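Colleague: sequence unavailable; structure follows:
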DNA sequence: CCCCAGGCGTCCA
DNA sequence: TGGACGCATGGG
């Protein structure tokens, strides 16, 4: 039985060799990344990209302008991302918090020791969205867990099916150095292998780079 | 036709 | 506290 810490590091090496740098979430600004984090909730990324492009084309990718826009107009712009009524409320709630607590500067979240707690108080921002904003928009070394993380780890016997978000988050954070670049790439690699090989309802992962894990 | 996608809040036991 | 359900578009 190999130690969990060694296994997590070996998994990273194997995936990194197999897939290389994922350059994930190359949003042009922290605001754009945060908007994408909210819009991508339970939604395929191509749909999110259309919604983000609509906002930018309308010249609204700016915290104050987004808040000033009529909600019905914002809803129309983000329509391709689905759940557009819910997401309009969630975007506005996030923007109001950033305006109130950080002067409209998403980057300022990075310097607030209670940034995660403030994000979690926003209606519509849960643990994954909060961590995504902190890691990808603010560069804070916090590990992002998502459906792919659950599926890849449980498929290879590294986590229970009923492991919670915080169970998995702590698994990574306790066993890896707190490095934003590493957390970013590791999460991106898990998503990549999850899309590529570790698909739902497919118990066998043919050609999966992580096949070695089952034999460890 | 079906299932799936980088969740979350609400409701109810 | 935890499991079902609604939210909605677009792709395979």
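Modeller: Sure, I can see it. These numbers come from a predicted model, not from an experiment. Residues are numbered from 1 along each chain as shown, chains lettered A, B, ... in the order given.

Colleague: the residue nearest the centre of chain A: what's it in contact with?
Modeller: Compute the mean C-alpha point of chain A, and by C-alpha atoms, centre = their mean the closest residue is residue A:132, 3.9 Å away. Applying C-beta atoms under 8 Å, 6 or more residues apart in numbering, one finds that residue A:132 lies in contact with A:37, A:144. To be clear about C-beta, it is placed using only N, CA and C from the backbone, and glycine gets the same treatment.

Colleague: swap in residue A:155?
Modeller: A:198, A:203, A:205.

Colleague: how about chain A: which residue is closest to DNA strand B?
Modeller: Here chain A gets closest to DNA strand B at one residue, residue A:126, 2.3 Å apart by C-beta to the nearest atom of the strand.

Colleague: number of nearby residues for that residue?
Modeller: By other C-beta atoms under 10 Å, 14 other residues sit near residue A:126.

Colleague: residue contacts, it?
Modeller: residue A:120.

Colleague: next one: the one 4 residues further on
Modeller: Applying C-beta under 8 Å, 6+ apart, one finds that residue A:130 lies in contact with A:116, A:119-120.

Colleague: and the helix or strand of chain A at the bottom of the mean pLDDT ranking, how far from the chain's centre?
Modeller: Each helix and strand of chain A was given a mean pLDDT (mean pLDDT, DSSP states H and E); the minimum falls on helix A:211-214 at a mean of 82. Distance of helix A:211-214 from the chain centroid (C-alpha atoms, centre = their mean, to the nearest Å) equals 26 Å.
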